[in-house]
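Student: All I have is the shape, not the residue letters:
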């Protein structure tokens, strides 16, 4: 009997020792994959935001095709060729692409950041567009609309203008829903962008100030004319009235210009600080697309009109927009260098 008890105690002691040895041995650490991105709670508002953004993109693309405005009896259109279509479809295409990611709820804060920034910027653009279609005849003047130099003595809205306003309204609504859903959406990473956030923010602020200075002047303007005085034979420079600058328009357009300028600078400073990293990517992308679209719009007007030339501020907008895209790529690729 005692031999059996000794054997039982020995087996129990050996099993306890083996369990202790297994618990003391270090377990292999889990491998870190990418950003270690964690997506948790995704509220239904994310899909609503995505749907609004997709509808805004589709409305914006459709707005480029029909008549935009009828100014002084002349029909104006945004698209008159393949190059015009590429410029006109830039922002709507990005809207649709980001909206689809929100509908899929894969990386929600990327789309929410994009929609919030794009919606904030669209408020100023909406006010300017309403002025062009409804109040520009209160103070008639020379204006460049859809690449044509016209006198705003009489303005009638077309289907393109209506669809454009609808697209901007939907973008603003998507931005509002995106801001509301941001705090309730759970999405985090391991902070791969944190070491360079300050540098990214500084560069974005500098580019935002540069974009603001470029927006203050027309992207396409009427060149001065050189004439010979018949009495003296001297050549004189005659200044021709050109398009109104961003802050030269009255009423709603002036308010819209101020809001657009202030929001652009604010979003350039805030976008790099958004967490997680893909949130910063979405915010920077919205700023870049807006600035690049404005610069390319000036280039389109200059190419399609014999009376207009592309200005230095217009070229500056393209350069700043491409630089903003560069910052977006840097933020996107920050995960590659993380350890």
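Tutor: Now that the structure is in, tell me what you want to look at. Everything quoted here is computed from the prediction, not taken from an experiment.
Student: Every contact and neighbour count from this point should use C-alpha atoms.
Tutor: Fine.
Student: so where does residue 60 fall, helix or strand?
Tutor: helix 45-63 (DSSP states H and E).
Student: now for that helix, which elements pack on it?
Tutor: helix 90-104, helix 108-130, helix 159-182 (3 or more CA pairs under 8 Å, 6 or more residues apart in numbering; DSSP states H and E).
Student: Quick one, which of these gets closest to residue 36.
Tutor: helix 108-130 (15.1 Å; CA to CA).
Student: Quick one, grab the pLDDT at residue 302.
Tutor: Model confidence at residue 302, given as pLDDT, is 84.
Student: next SSE after the least confident helix or strand in the chain by mean pLDDT?
Tutor: In the chain, no helix or strand scores lower on mean pLDDT, DSSP states H and E than helix 2-24, which sits at a mean of 48. Of the helices and strands lying after helix 2-24 in sequence (DSSP H and E), the nearest is strand 38-39.
Student: First residue to last residue on stretch 143-158, what's the distance there?
Tutor: Start-to-end span of stretch 143-158 (CA to CA, to the nearest Å) is 17 Å.
Student: hmm, back to that, give me the angle between the helix holding residue 60 and helix 159-182.
Tutor: Helix 45-63 runs at 160 degrees relative to helix 159-182, counting by axes from the mean of the first three to the mean of the last three CA atoms, to 10 degrees.
Student: quick one: the longest helix anywhere in the chain to chain centroid distance?
Tutor: What stands out as the longest helix in the chain, according to DSSP state H, is helix 277-304. Taking CA atoms, centre = their mean, to the nearest Å, one finds helix 277-304 lying 6 Å from the centre of the chain it belongs to.
Student: how close does the spatially most central residue of the chain get to residue 294?
Tutor: The centre of the chain sits closest to residue 286, judged by CA atoms, centre = their mean, with a distance of 1.6 Å. Applying CA to CA, the value for residue 286 to residue 294 is 13 Å.
Student: ok, now residue 73?
Tutor: On the measure of CA to CA, residue 73 and residue 294 end up 26 Å apart.
Student: So for these two, which residue has more residues nearby?
Tutor: Shown here are residue 73 and residue 294; by other CA atoms under 10 Å, residue 294 has more neighbours (19 against 11).
Student: Stretch 150-170: end-to-end distance?
Tutor: 29 Å.
Student: pLDDT weak spots in the protein?
Tutor: Low-confidence segments of the chain, defined by pLDDT under 70: 1-35, 135-141, 224-229, 231, 233, 235-242, 335-339.
Student: Please repeat the previous calculation with a cut-off of 50.
Tutor: 1-4, 7-10, 13, 17, 19-33, 337-339 (pLDDT under 50).
Student: Okay, residue 253 and residue 131: tell me how far apart.
Tutor: 6 Å.
Student: quick one, which of the two is more surrounded?
Tutor: Ranked by neighbour count (other CA under 10 Å), residue 253 and residue 131 place residue 253 first, with 24 against 20.
Student: Correct me if wrong: that one contacts residue 126.
Tutor: No - between residue 253 and residue 126 there is no contact under CA atoms under 8 Å: 9.1 Å.
Student: circling back to that earlier point, after the longest helix of the chain, next one along is what?
Tutor: strand 309-310.
Student: between the very next helix or strand once past that next one and helix 277-304, how many degrees?
Tutor: From strand 309-310 onward toward the C-terminus, using DSSP H and E, the following helix or strand is helix 312-333. If you take the same axes, to 10 degrees, helix 312-333 sits at 150 degrees to helix 277-304.
Student: Identify each buried residue in helix 312-333, please.
Tutor: Using 16 or more other CA atoms under 10 Å as the test for burial, helix 312-333 gives 313-325, 327-328, 331-332.
Student: Please name every helix or strand in contact with it.
Tutor: Counting by 3+ CA pairs under 8 Å, 6+ apart, helix 312-333 packs on helix 197-215, helix 277-304.
Student: how does it look with 6 Å?
Tutor: helix 277-304 (3 or more CA pairs under 6 Å, 6 or more residues apart in numbering; DSSP states H and E).
Student: Is the residue lying closest to residue 299 once chain neighbours are set aside bridged to anything, and to what?
Tutor: Distances taken as CA to CA, 6 or more residues apart in numbering place residue 310 nearest to residue 299, at 5.8 Å, with adjacent residues excluded. Using DSSP bridges, the beta-bridge partners of residue 310 come out as residue 220.
Student: To residue 206, which of the helices and strands packed on helix 45-63 lies closest?
Tutor: helix 108-130 (17.8 Å).
Student: List the contacts of the closest one.
Tutor: When contacts are defined by CA atoms under 6 Å, 6 or more residues apart in numbering, helix 108-130 is touched by residues 98, 102, 168, 171-172, 174-175, 178-179, 252-253, 256-257, 259-260, 278-279, 282-283, 286.
Student: just how off-centre is that helix within its chain?
Tutor: On CA atoms, centre = their mean, the centre of helix 108-130 falls 7 Å from that of its chain.
Student: mind starting the numbering at 25 from now?
Tutor: That works, and once the first residue is 25, the last one we named lands at helix 132-154.
Student: okay, the angle between it and helix 114-128?
Tutor: Using the same axes, to 10 degrees: helix 132-154 against helix 114-128 is 140 degrees.
Student: State the next helix or strand along the chain beyond helix 132-154.
Tutor: Following helix 132-154 toward the C-terminus (DSSP H and E): strand 166-169.
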